[in-house]
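Asker: Below are the sequence and a predicted model; questions follow.
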Amino acid sequence: MYDNDVCLPRAARALALCNGDPQSALGFIRKRFGGSQMAESIIERGLVDTDTLTPDSDLLGAYGGRIADLIRRRSALGRIEQVFPFVHGQPFVPWMALVEGTSAQWIAENAFKPVGDTPRFVAPRLTLKKVAAIVVMSEEALRLGHANVDISIERACTQALADAVELALFSANPGDAATPPGLLTRVSAGSGNPEDDFDSLLASIPSAMFERGVVFAINPADTARWMRTGLADPASLTARDGGYIGGVATVTTPTVPPGNLAWLCPGAVLMVNGGALISRSTAAALTFDSGDGSGVREHSLWVENLRGIRSEVWINWAPLEEDAGGAMTGVFAPARARTLTPTPPPDIQDGTHPKDLTRGRARGRKP
């Protein structure tokens, strides 16, 4: 069972160390671990370093299903589904969706009911799209024979993909042929008064969404702010697990900017899931942006004795309603900048320090 769990990261690091040579990678696994049946099978079938693995392949689900489950559990997707589930479908399979809300409470037998000339239903067909990330590790760490290295690779890759999935989900980006669309399509500006903005946001969400279930999303740094408003308290909201704000289920995610309040209706979102894959990265250099304004740096993996591990998950989603999510910006007024002036330490010779040597001499004590 353990060999099955770490077969993908073990095969990936063997290929990364051997520059993609499958024969050398097999030799590394056999010498270092005395053989690893599943990892050797992945390399021999060419599942890691070639394009023979397609997103809808059964082999992808068999090898990467566990990693895909870890990604969902560690991202906001898993926390949302603990409250209200998404509508799960199969990739490449048509899904019937209502696009015109014609309805009737009661129609007499054989009575005519006009519904208009426009079609009332559409059949969207979702394909799988790829969310990817690269984890950089030192060659010395990858050469270690301890099994914890494989676990560390898997943990780092799944967390990086979980962050990437959250970033794609809680955004207003329309998406493209390779990236899932963001679901925060209804965005409005707040007034800086959280109590009034909370009421305004609730009033703007269609009542049909609340029937399916609505989940709020906030930045973990705003947890204490919401407690000070009286809409939440330590017993109902935590920075790690979320909770409730004003009686509405809430999750926390760093992808929602501080001061914003996002909402999502999982019951109005069709989601399809594929598998996940961990393989070696062929990138020779990577550009890193810290995001704090300090600049962008380029690192040569070959020069700095580093190796890249590429992780990918195939997933996609689409709203079944026109607006299945949104956000309100500027709920909290920007915090005023404060300058902290450090207090200088007391001078050991001016008589203010408890160990003033000058005062000790004056009183006849030994220094």
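Answerer: That came in fine, so what should we check first? Numbering: from 1, shown residues only.

Asker: any residues touching stretch 167-182, and which ones?
Answerer: 76-77, 129-131, 183-185, 187, 217, 253, 255-256, 262, 264, 315-318, 327 (Cβ atoms under 8 Å, 6 or more residues apart in numbering). For the C-beta atoms, the positions are set from N, CA and C on the backbone; glycine is no exception.

Asker: for residue 286, phi and psi?
Answerer: Per-residue torsions, residue 286: phi -130, psi 150 (degrees, to the nearest 10).

Asker: cool, residue 241 as well?
Answerer: phi -100, psi -10.

Asker: Next: the one 4 residues further on.
Answerer: Here the main-chain torsion angles of residue 245 (degrees, to the nearest 10) amount to phi -120, psi 120.

Asker: so it makes contact with residue 214?
Answerer: No. If you go by Cβ atoms under 8 Å, residue 245 and residue 214 don't touch, sitting 11.4 Å apart.

Asker: Now intersect the contacts of stretch 167-182 with the strands, please.
Answerer: Mapping those onto strands (DSSP state E) picks out 129, 130, 131, 187, 217, 262, 264, 315, 316, 317, 318, 327.

Asker: okay, and for the stretch 1-150 of the chain, where does confidence drop off?
Answerer: 1-5, 35-36, 47-63, 96-108, 110, 112-124 (pLDDT under 70).

Asker: Tell me where it has helices.
Answerer: Assigned by DSSP state H, counting those that start in this stretch, the helices in the stretch 1-150 of the chain fall at 2-5, 7-17, 22-33, 37-45, 58-74, 76-81, 139-143, 148-169.

Asker: Mean neighbour count and distance to residue 91 for those helices - can I get that in JSON lines?
Answerer: Shown next, in JSON lines, are those (neighbours: other Cβ atoms under 10 Å; distance: least, Cβ to Cβ, whole Å):
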{"stretch": "helix 2-5", "mean neighbour count": "14", "distance to residue 91": "24"}
{"stretch": "helix 7-17", "mean neighbour count": "27", "distance to residue 91": "21"}
{"stretch": "helix 22-33", "mean neighbour count": "17", "distance to residue 91": "29"}
{"stretch": "helix 37-45", "mean neighbour count": "18", "distance to residue 91": "22"}
{"stretch": "helix 58-74", "mean neighbour count": "18", "distance to residue 91": "11"}
{"stretch": "helix 76-81", "mean neighbour count": "20", "distance to residue 91": "16"}
{"stretch": "helix 139-143", "mean neighbour count": "14", "distance to residue 91": "33"}
{"stretch": "helix 148-169", "mean neighbour count": "20", "distance to residue 91": "16"}
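
Asker: Just give the nearest non-adjacent residue to residue 296, would you?
Answerer: Among residues not flanking residue 296 along the chain, residue 289 sits closest, at 4.8 Å (Cβ to Cβ, 6 or more residues apart in numbering).

Asker: now residue 325, which residues is it bridged with?
Answerer: Per DSSP bridges, the residues bridged to residue 325 are residue 264.

Asker: Residue 276 touches residue 311, doesn't it?
Answerer: Yes. In this structure, residue 276 is within contact of residue 311 by Cβ under 8 Å, at 7.0 Å.

Asker: Am I right that residue 199 falls within a helix?
Answerer: Yes. Assignment of residue 199 by DSSP: H, G, I helix; E, B strand; the rest coil places it within a helix.

Asker: what about it, neighbour count?
Answerer: Neighbour count for residue 199, taken as other Cβ atoms under 10 Å: 12.

Asker: Done for today, thanks.
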